[in-house]
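# Give the three-dimensional model of this entry:
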Amino acid sequence: MSCIKKEGRSTYLYTRGGEYLSTILIILCLNFFLPRLMPGDPFSYLTGQNASSDLSTTLDSKSEAILRAYYGVGDPLWKQFCLYCQNLLHGNLGYAYYFKAPVAQLIAQRLPWSLFLVVTSILLASVIGITAGVFSAWKRGTVLDRGFWIIFLSLRSIPTFFLGTLLLLFLSFQAGIFPLFGAYSIEKAGSTWLVQGKDILWHLALPVLTLTLAEVTGKYLLTRSAMLDTLEEDYIIFARARGLAESQIMYRHALPNALLPVVTQIALRLGMAAAGMIYVETIFGYPGMGKLMQEALAVRDFSVLQGTFLITSLLVLASNFLLDLFYVYLDPRVEVR
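Predicted coordinates for the structure are as follows:
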């Protein structure tokens, strides 16, 4: 029987692995073609009379010709796509003509800030949402349940960018409790690691709070619903009939089974959190991947857009694949259907 289970799990993982490879191929196609379907020539923002007034420098005709040849702009799309895939195999994400740096270098500088922001927010939202959902379901129909319901549904109705703007206006601009923008203070760059750490957390507080409030409602609603379904199962009724303590029933029997769909939702929401990251980082001037995407979009820097979208998508896929690996051993009922 154990051999059959292992074979079923292996088949499930192989199948899921094939699906992920297909998804990566689709992402590569979208990542290449979508920016090229956008209106406007990216080099028109950098050359001649059409150069954007926001740029510090413009390109002369010789530099433009070199860049066009480097990116194969005059070649057919299929040839450009082959060149793009060939460069990816060599770890070359291109050169950012607006930022004047390799795209891989820009991403390496910005990615840690975004990971710090998103992971911290997801963890906080999960802890708060799961805890509130468990107690809300356990105290169904009470004042506590109704209070949680009103608070979290109210948060869900507020758009992320509006919530972030409100927090920035009241807590930073008017109260002066938190900084207005950035991830750290330049004047504290030479201080001790403890002072720098406090300064980084101080700058991180409002972006994390915004993204946490945007994500917590989904965790709460799903946990509450899963707990309510679990509490109606026969084994919960039997546990109560045996006279087990309420805390033991909740934490040892109901909660572990209710967490299965919640764990799935946490990984699936990483993609939505990455989308919310763009708004949050733009509002607070946080130097992460979202801010980099917004800056690249404004100047039609295709290489940066492709690189940031590709890395973000691969990170989301990787987190979901790790969830599949974890889920196979978390739930022995998982099998290919």
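# CA only for contacts and neighbour counts going forward, please
Fine.
# Could you pull out the buried residues of stretch 108-125?
For stretch 108-125, burial by neighbour count (16 or more other C-alpha atoms under 10 Å) applies to 110-111, 113-115, 117-118, 120-122, 124-125.
# Also stretch 185-198?
For stretch 185-198, by 16+ other C-alpha under 10 Å, it's residue 196.
# max-length helix in this protein?
helix 193-231 (DSSP state H).
# Show me what that helix is packed against.
helix 103-138, helix 143-156, helix 160-167, helix 255-284 (3 or more C-alpha pairs under 8 Å, 6 or more residues apart in numbering; DSSP states H and E).
# Compute the distance from the centre of that helix to the centre of its chain.
Computed by C-alpha atoms, centre = their mean, to the nearest Å, the chain-centroid distance of helix 193-231 equals 13 Å.
# which secondary element of the protein has the worst mean pLDDT?
When the helices and strands of the chain are compared on mean pLDDT, DSSP states H and E, helix 61-71 comes out lowest with a mean of 69.
# for residue 173, what are its contacts?
residue 180 (C-alpha atoms under 8 Å, 6 or more residues apart in numbering).
# do you know how far it is from residue 285?
Residue 173 is 14 Å from residue 285, where distance means C-alpha to C-alpha, to the nearest Å.
# try residue 155
For residue 155, the distance to residue 285 - C-alpha to C-alpha - is 23 Å.
# Could you do residue 19 as well?
Distance from residue 19 to residue 285, by C-alpha to C-alpha: 37 Å.
# which one of these two has more residues nearby?
Neighbour tally, residue 19 and residue 285, criterion other C-alpha atoms under 10 Å: the higher count belongs to residue 285, 16 against 12.
# just checking, that one touches residue 168?
No: applying C-alpha atoms under 8 Å as the test, residue 285 and residue 168 come out as separate, 11.0 Å apart.
# what do these two both touch?
Residues touching both residue 285 and residue 168 (C-alpha under 8 Å, 6+ apart): there are none.
# ok, and the closest non-adjacent residue to residue 255?
residue 227 (6.9 Å; C-alpha to C-alpha, 6 or more residues apart in numbering).
# How about the contacts made by the one you found?
133-134, 137-138, 254-255, 258.
# Quick one, grab the pLDDT at it.
Reported pLDDT at residue 227 in the predicted model: 84.
# same thing with the one 3 residues further on?
Model confidence at residue 230, given as pLDDT, is 80.
# Over to residue 44?
In this prediction residue 44 is given a pLDDT of 60.
# and what of the one 3 residues further on?
Note on residue 47: pLDDT of 58.
# follow-up on the earlier one: the helices and strands packed on helix 193-231: which one's closest to residue 243?
helix 103-138 (17.1 Å; C-alpha to C-alpha).
# tell me which strands and helices that closest one is in contact with?
Using 3+ C-alpha pairs under 8 Å, 6+ apart: helix 103-138 touches helix 143-156, helix 193-231, helix 255-284, helix 289-298, helix 302-330.
# count of neighbours near the closest residue to residue 281 other than its chain neighbours?
Nearest residue to residue 281, sequence neighbours excluded (C-alpha to C-alpha, 6+ apart): residue 291, at 5.4 Å. When neighbours are defined as other C-alpha under 10 Å, residue 291 has 22 of them.
# Next: residue 131.
Residue 131 sits with 15 neighbouring residues when counted by other C-alpha under 10 Å.
# Please renumber the chain so that the first residue is 59 from this point on.
In the new count, where the first residue is 59, that last one comes out as residue 189.
# residues contacting it?
residue 278.
# measure residue 194 to residue 288 for me?
14 Å.
# Could you list the low-pLDDT ranges of the stretch 109-258 of the chain?
By pLDDT under 70, the low-scoring segments of the stretch 109-258 of the chain are 109-118, 121-122, 125, 128-132.
# quick one: pLDDT of the residue nearest to residue 339?
For residue 349, the model assigns a pLDDT of 88.
# ditto for residue 65
Turning to residue 65, the model gives it a pLDDT of 55.
# Over to residue 71?
Looking at residue 71, its pLDDT stands at 68.
# Now do the closest residue to residue 192 other than its chain neighbours: how many residues are near it, please.
Nearest non-adjacent residue to residue 192, counting by C-alpha to C-alpha, 6+ apart: residue 282, 5.9 Å away. Using other C-alpha under 10 Å, residue 282 is surrounded by 27 other residues.
# picking up where we left off before, now distance to residue 148 too, for the helices and strands packed on helix 251-289, in a markdown table please.
Formatted as a markdown table, these follow (distance: least, C-alpha to C-alpha, whole Å):
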| stretch | distance to residue 148 |
| --- | --- |
| helix 161-196 | 12 |
| helix 201-214 | 43 |
| helix 218-225 | 38 |
| helix 313-342 | 26 |
